[in-house]
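Trainee: show me the folded form of this:
(4 chains)
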Amino acid sequence: MPSTAIDPPVLVVDGLQVRYGHGAGAVAAASDVGFELGRGEVFGLVGPSGCGKSSTCGALLGLLGKTASVSARRLELEGRSLLGLDDRGWRRVRGRRIALVPQHPRSALTPIVAVGRQLDWYLGPHAVDRHAADLRALGLESVVARPRDLPSSFSGGQLQRLVIAIATLGSSPALLLADEPTSTLDPTVAASVLDVLAEARRRTGSAMLFVSHDLAVVAQVCDRVGVMDAGRLVEVGSPLELFEAPRHEVTRRLVDALPTRRRAWAPARTSPAGGPPVLELDHLYRYHGRAPGRSGPPSAVVVRAVDDVSLAVAPGELAAVVGESGSGKTTLARVVAGALAPTAGVVRLDGVELSAARSRGDRRRIALVGQHPRSAFNRRRRLGAALDQVQRVHGIGASRAERTDRSAGMLARVGLGAEALGRRPQELSGGELARAALARALLVEPRLLVLDEPTASLDPPVKRAVLDLVDELRRDLGLAVVLITHELDLAWTVADTVSVLDHGRLVASGPLAAVLDGDRHPRVAALLERVPADPRGPGRR
Amino acid sequence: MADRVGTALLGAFVLLAVVGPVLAGSPTALVGDVLEPPSWAHPFGTDSLGRDLFARTADGARTSLVVSTAAVALALLVAVPAGLAAARAHGRWPDQAVMRVVESTQVVPQFVLVVLLLGLGGAGPVQVLGVHVSTTARIVACIALGFVPFFARIARASAVVELESEYVEALRVAGVGERELLVRDVAPNVAPVLGAQVLLALAIAVFAEGGLSFLGLGVPAPHPTLGNLIAEAGGQLLDGAWWYALIPGLVLVAGITGCNLVGDAAADRLVRSDLR
Amino acid sequence: MIRFALHRAASLLVTLVVAVSGLFLVLHASPGSPLTNLAPSVAADPEARAAVARETGLDRSMAEQYGDFWASLLHLDLGTSLYDGSSVSEAIASAAPVSFQLGLMAAAVAIGPGVVAGVVAARRRGRPADAAVRVLSVVAISVPSYWLAVLCLVLVGERWPDLVPAAGGYTPFGTDPVASVRSLLLPAVVLGLGGFAMVARSLRSSLVGVLDGDDVHFARAMGMPEHQVLGRIALRAVAPSTVTVVGLLVGGLVSGTLLVESVFALPGLGQLMVTAFVRGDHPLALGTALVTAVVFLGLNLVVDVAGVALDPRARRRVAAGRT
Amino acid sequence: MTPSPLRADPSARATIDRRRFLGLALGAAVSGPALLGACGAGTDTSARVVRRHQDGILRIGVAGAPSNINPLDSGSELTRWLAEPIVETLYAYDADLRSVPLLAVGEPEVSADELTWTVRLRDDVTFHGGDPLTAHDVVASLDHILDLSSGSEWITYLLDYVQTFEALDDRTVAIGLVRPYGLLRSHLTNLPITHRDAVDRRDAIVGTGPYRLERFTPGQSFTLVRHPEYHGEPGAFEGIEFTVFTDGATRLVSLRQGKVDLITSVPYQNLRAVEGDDDLALVLADSPLDVLTYVNLLAEPFSDAHFRRAVALSMDRAGVRDRVFGGHATIGQGPIGPAERGWDPDLAVYDAEPDLDAARAELEQATTERRGFRITVGTSQLGKEIASVLAAGWATVGLDVEIEQLAGGPWSSAWLANEYELLMNTFQSGFTSGPANYLTLAPAHSRNLLSCGYVDPELDGWLDRVWETDHDDERAGLLRQVSARLAEEAVMFPPVYPRAAFAQRRELTPLDPEQLRISRLAPHELRFTSS
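Mentor: I've put the predicted structure just below:
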């Protein structure tokens, strides 16, 4: 959708500068940012966190707070300058000419007021009745049916649609500001929200500024993309230009981090060593909530989180378990690692059945790395103490000094310097913490490593590096690895075998090629469908 | 800023309480004329019996400090293990039992409870199971009892949060035992949370000690306490002995304000460090 | 909602029964028996002591006394004072309105200005108004009421005798509302000052948090005027936590009446209680403690229920039975 | 107390300092009240008082609430000040403190063997409820006192003497004695007569006086209203209201503000403030206000006579007089003070200033190893202050004194159980014993239940005779001997005999110092000068 030169631009940003603080201590969050948006055009702003995307957005809404100072050569919306507007002036712009689609729909709506009431705030009285048809069209039947419910009783996807409805139903804003609108959503949901957003934009004819850290998503949605780094707009171009010929270093890094589909997946890179399986799951069940028939009120709902799962993992094998959120992946990981007892069924390690109450020795042989590296460590303990602790309880190392040496060695192995031993978790980045969590898991020399979405909260480049590390380690150490993920492309990149969970049941399982190619299970097909396409390949929406 | 003012006030209060009694003469000796205004010889003036008010205020500050510190320490000693034990048994009967006991002491406000417990025994020492308990010890015990629910709840609540946090599960899965978890991980993490509250509790304890003395239920004569001094000073105000009512009162206010400000700052720091 | 209130009330009742029983036991185990308050020349005579004990029923077993205590309590009879033989219930009935009015006025002093100060400070964060509120509230929370009361009594009372309670302490509201309110104004201000600080501080800090929230940001981004942001989102969001603070304030007010009533010679429950304890007047002490506990727990119940009523999420949890 | 040049004009200084203080207080507590206090001016108090007096109610501020309002049970000044206008006695003191008939007609008829006393009652007296006064009311009053279970303080006076009492007819009461009892006349002058239905009540006083008790809030306030059918001259006030202000400053402030007309127990530190106020009159009177001082001779260290004398010699009597009582007290010798029968102004065993050398000499001879003791006082501010001054004084001769403060009950228990070393409290007699104070002396008698362990057969004999004789002069002579002996032996040696302090507004006629000598406040005798 190329911009037409005849129409005047909707938004003109020229020489935008945002600074926080005063005088010598002032920090520039955005320097000399400039771009234009034509009518109906979608412009993407992409870059790592802290690059100045949010400050640029905030400046367009006049909501940067009192510590920020904004200056620009030009900052114009539909030909009217936004510089020097007073509160009343801004109120005429906000919501009417510029509408925000926020990053966290769940916190953007007030948690203690019914959704219907909140719609009334923004769209006028009886909004639900007046806009019932539009809301249904946006897939918000649930809101029409239950306007008195609180936001907490709706899903993230529904809330994001609701926010889009608020932004676009009341007026036809000239500009939609979409600030990472899908970053907290599942890929499946994210895809449908993007559809809704596109539909709403078509209806209102608004231009859109789309901010994201995910190049793949930006490429999918935008006409033109600007890459930001350290407060500056370093490169602007069409998605294809950026992917094919990235000119700037930052752009290149972003592109490189995109998962690449393993071209030759038929022969696995490393064939799993033969021999009996390390891990066997035999008709494993795990229900949440009180099982019926027990004493007490029968009200509790039983969730079949893991429902008759049988699986075997060979030595040295990297087995991926994929599924959407709520499919029971994490529960499965926790049952395998012994954090939860199975409701029924058997977990065998090296052919030996593990009891529900795991011994310390059993725990040493299966290590779990959880979803959020930031909360995996006691925030008040230095890393050295944390690494010492797991060794000490398993009687590894005769002295503290010896254990410290091992810790340092393992940190080096995961790519961290020994100085990290003296750091607290808050002083480490997410990527460093993910590595540290891996180090802690490996220090006790487990037979099996269970990774529960180890990269879900990491930026793409970091994500990639951590996965490469896992792949390397398991080859070096001959570890069996169970990798839990909702990102099918990850499995695609590193796994030997893949198992697909749906509502607690295993719908497909086997070597990567066998599962993903040819005669796919419908669920698998659906998952594949939602992997953001490589803009270099075919299939761009 | 507030932080520094608080430290200064608390520091001055502690300094007066610790060093004051050493510098000053006896708080009970009749060293001057009655109701002398402040002078070089008696920087805080003298009281209605001719005793040096600097010595008495310093001694009173010391008593306040000792009583309230001891009370808070005693309360922690009881409340923290109880709170941790309750958190460990979260939702099961030991937890219920601890929380019910804690609740039953909260049927009246804390200060009323202390007045009630002290009032029941009357002033003066008592024999408890054959052990001589001085009035001061009883005051400490009663104020401490008033704080037990407060600290037990905080200890329990923050320990529950800790025990349900992801790192604890990670450590459990890694084979770290429950005792080790509780002693080495949970307790040290609960400590700063309590630490921030300790100063706020100290402020309340200093207030309560003064209030008890004011009602005549406090530390007995001849030890001066800040509450006693204030209670005695009320009448002197009519005679223009402003220093008598003002100075001990300001010392008390300084102590409480200092504790409050430093405690606030500590709580703020804690929140900030957790957010980081 | 109603079920929640009833459930809470029932559990409070159990707590109350346990606590009152405990109080009864402690009271009767205490060394301050009324027998020791006899004139020494009488108390020295064992025969006279025994006769008095028989007369006052103190020679009976603790179990009997305990049984009688509950039996009469069910008839709302709290017994008679050991000293003047007057009805404890009547003494409390005549003292309660004083404390009630004082508490109500102090709460008004605490909550009204407290809310205003908290909102102003939060909206003008970092500016002089904010600093002023913060300094004022720290000072207000730190100045002990008994000291302030003594100062006010002398300094204010000397110039405006009408502002301190009259002899006898109190003009009933029904007799002369203006004089009644005026005479309790100073004690109420002294008593309410700490609460004012608590409300202002807590409201400020929670409002600051809420005003930084995504929902406020979104509302502003969508052009909602600032007064609506405050009324529709911010104040509503902080209401439950403010109500909790008000609950804490109730405790402070009840405690404070002990001290403030004593300084201003107000014939309220607090002074009655102190008098009872100082004399070791068991029935009166037990009665005042019981009434204090009932009032305190009752107010806490109201605060709990109000907190839930103001927070739809809590309402939902309650409805789901997860109390 | 040496006057310093600084306090040449105390009243002027007070104003300046108060203003300065206001400024400081403003800085310290930025609060509404202080702000209010700093600006504007007050109203004329005297005019307010006159306006208030239009309701005809006399308002009195007292220091504490009576622990028992039944005057047949309690002899405390708090009970009796309240009961004075309500109940009357068979005989009463005239202006010269002589006993004259009040409810009785003429002198009692005493039989030749001195064992039967017959009293005739007036026939024109009614109780507040309207019932006429009869002999049965007198009998019921005596009955109540002599019933052990009532716990009446009067019992100690009558128990071993009175055997029978009966109503011969509606107007005549006969009292039968075991042995001659000259003191009975005194008791009949002090013993209140209560309506027969009210003798056991603790929540009502029903008497024949000019005022009746209308209502009261325990521990807080008491309201009396005029009894219209009073047999004598009707009361001048519509009512009398007693309000309890336990805090001395509050009490005084209320008087200065004109909210009460009269206060009792003015804090001694505030006497200057009262004197400096033209609207107020200070009344200082010798009164049977004793500082009870007992030492326990049953145990070390006071079992040692040398130690005892050392303590008595080194007692800082002048310090107590000047620092606690602002100079308004007489230096103490024996147990009997200036307002009491048996007072000997010439008795001078001890000096005002401690005799440290003599005390040290006595201590050297003492056999006990102890060089310190415990002084047990009540919870009153006064008791605490006396003990503090004394302890500071004793510290100068090397006596380490620990102060123990006990509330009324525990204090009595310590006395009863002989668990004290030096016991001290303030006590106002006079209501039950008139101008003499027999209760204070009781523990000196070796056979008394509260005996402090002093055994002196000669003194026992004197005391027995004090009770028996009906000659006041003989009684006074014996009491002088008792007081001197107890002082010399260092058994009872109060530091001072304080003067009782009252303050009243000028809009009220002055209190009668003579009546105050027997603790009678007699509020119903006062008048408003303004109306």
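Trainee: C-alpha from now on. contacts and neighbour counts both.
Mentor: OK.
Trainee: can you give me the strands in the stretch 51-200 of chain B?
Mentor: Assigned by DSSP state E, counting those that start in this stretch, the stretch 51-200 of chain B shows strands spanning B:126-128, B:131-133.
Trainee: weakest of these in terms of mean pLDDT?
Mentor: Lowest mean pLDDT of those: strand B:126-128, a mean of 63.
Trainee: in which helix or strand does D:L252 reside?
Mentor: For D:L252, the enclosing helix or strand under DSSP states H and E is helix D:248-256.
Trainee: partner strands of whichever helix or strand comes after that helix, with direction?
Mentor: Using DSSP H and E, the helix or strand that follows helix D:248-256 towards the C-terminus is strand D:262-263. Strand D:262-263 pairs in its sheet with strand D:57-62 (parallel), strand D:496-505 (antiparallel), by DSSP bridges.
Trainee: tell me the residues of chain A that contact chain C?
Mentor: For chain A, the contact set with chain C under Cα under 8 Å from any Cα of the partner chain comprises A:61, A:63, A:90-96, A:98-100, A:102, A:104, A:107-113, A:122, A:150, A:167.
Trainee: on that earlier part again, reformat the strands paired with strand D:262-263 as TSV; add mean pLDDT.
Mentor: Putting these into TSV (pLDDT from 0 to 100) gives the following:
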stretch	mean pLDDT
strand D:57-62	94
strand D:496-505	95
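Trainee: looking at it, D:G334 is touching D:Q481, isn't it?
Mentor: No: the pair D:G334 / D:Q481 is not scored as a contact, 9.9 Å apart, by Cα atoms under 8 Å.
Trainee: the more surrounded of those two?
Mentor: Using other Cα atoms under 10 Å in any protein chain shown, the more surrounded residue of D:G334 and D:Q481 is D:G334, with 31 against 19.
Trainee: run through who's touching stretch D:238-250.
Mentor: Under the criterion Cα atoms under 8 Å, 6 or more residues apart in numbering or on different chains, residues B:234-236, B:238, C:153, C:167-168, C:263-265, D:55-65, D:82, D:211, D:219-226, D:251, D:265-267 lie in contact with stretch D:238-250.
Trainee: ends of it, how far apart?
Mentor: With Cα to Cα, to the nearest Å applied, stretch D:238-250 spans 25 Å between its terminal residues.
Trainee: now do that stretch, average pLDDT.
Mentor: Averaging pLDDT along stretch D:238-250 gives 87.
Trainee: who's in contact with the closest residue in space to C:D130 that isn't next to it in sequence?
Mentor: Using Cα to Cα, 6 or more residues apart in numbering or on different chains and skipping the chain neighbours, the partner closest in space to C:D130 is C:A121 (4.1 Å). If you count contacts by Cα under 8 Å, 6+ apart, C:A121 has them with C:129-131, C:133-134, C:204.
Trainee: doesn't B:P248 make contact with B:L229?
Mentor: Yes: with contact defined as Cα under 8 Å, B:L229 and B:P248 form a contacting pair (6.7 Å).
Trainee: where are the low-confidence patches of chain A?
Mentor: For chain A, applying pLDDT under 70 flags the ranges A:1-6, A:187, A:257-274, A:289-302, A:457, A:459-461, A:518-519, A:529-541.
Trainee: tell me the residues of it that contact chain B?
Mentor: Neighbours of chain B within chain A, by Cα under 8 Å from any Cα: A:337-339, A:359-361, A:363-364, A:366-370, A:375-380, A:390, A:393-394, A:426, A:441.
Trainee: and stretch A:421-432, what's buried?
Mentor: A:421, A:423-426, A:430-432 (16 or more other Cα atoms under 10 Å in any protein chain shown).
Trainee: name the element the closest residue to chain B within the stretch 101-250 of chain A belongs to?
Mentor: Residue of the stretch 101-250 of chain A nearest chain B, by Cα to the nearest Cα: A:S107 (17.6 Å). Applying DSSP H and E as the criterion places A:S107 in helix A:105-108.
Trainee: that helix packs against which elements?
Mentor: Packing partners of helix A:105-108 (3 or more Cα pairs under 8 Å, 6 or more residues apart in numbering or on different chains; DSSP states H and E): helix A:156-169, helix C:214-221.
Trainee: possible to save these as JSON lines with mean neighbour count?
Mentor: Shown next, in JSON lines, are these (neighbours: other Cα atoms under 10 Å in any protein chain shown):
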{"stretch": "helix A:156-169", "mean neighbour count": "24"}
{"stretch": "helix C:214-221", "mean neighbour count": "23"}
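Trainee: compare these and give me the one nearest chain D.
Mentor: helix C:214-221 (34.6 Å).
Trainee: run through who's touching the next helix or strand after the closest one.
Mentor: Downstream of helix C:214-221, the next assigned helix or strand under DSSP H and E is helix C:226-228. Here helix C:226-228 makes contact (Cα under 8 Å, 6+ apart) with C:R220.
Trainee: now helix C:226-228: buried residues?
Mentor: So, applying 16+ other Cα under 10 Å, helix C:226-228 has no buried residues.
Trainee: that older thread, give me the contacts around the helix holding A:S107.
Mentor: Applying Cα under 8 Å, 6+ apart, the contact partners of helix A:105-108 are A:102, A:151-152, A:156, A:159-160, A:163, C:213-219.
Trainee: reformat those as TSV; add distance to chain D.
Mentor: Formatted as TSV, the contacts of helix A:105-108 follow (distance: Cα to the nearest Cα, whole Å):
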residue	distance to chain D
A:P102	45
A:P151	44
A:S152	45
A:G156	50
A:L159	49
A:Q160	50
A:V163	48
C:G213	34
C:D214	37
C:D215	37
C:V216	35
C:H217	37
C:F218	40
C:A219	38
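Trainee: between these, which sits nearest D:Q365?
Mentor: D:Q365 has its nearest neighbour among those in C:G213, at 84.5 Å by Cα to Cα.
Trainee: quick one: pLDDT of that closest one?
Mentor: On pLDDT, C:G213 comes in at 83.
Trainee: tell me the spacing between C:F277 and chain B.
Mentor: From C:F277 across to chain B, the span is 5 Å (Cα to the nearest Cα, to the nearest Å).
Trainee: same thing with D:A503?
Mentor: Distance from D:A503 to chain B, counting by Cα to the nearest Cα: 15 Å.
Trainee: likewise for D:L159?
Mentor: Taken as Cα to the nearest Cα, the span from D:L159 to chain B is 32 Å.
Trainee: neighbours of that residue, how many?
Mentor: Based on other Cα under 10 Å, the number of other residues close to D:L159 is 14.
Trainee: please apply the same query to D:D94.
Mentor: By the criterion of other Cα under 10 Å, D:D94 has 12 neighbours.
Trainee: is it in contact with D:V100, as I believe?
Mentor: Yes: judged on Cα under 8 Å, D:D94 makes contact with D:V100 at a distance of 6.5 Å.
Trainee: returning to that earlier point: so can I have JSON lines of the strands paired with strand D:262-263 showing mean neighbour count?
Mentor: Formatted as JSON lines, these follow (neighbours: other Cα under 10 Å):
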{"stretch": "strand D:57-62", "mean neighbour count": "25"}
{"stretch": "strand D:496-505", "mean neighbour count": "25"}
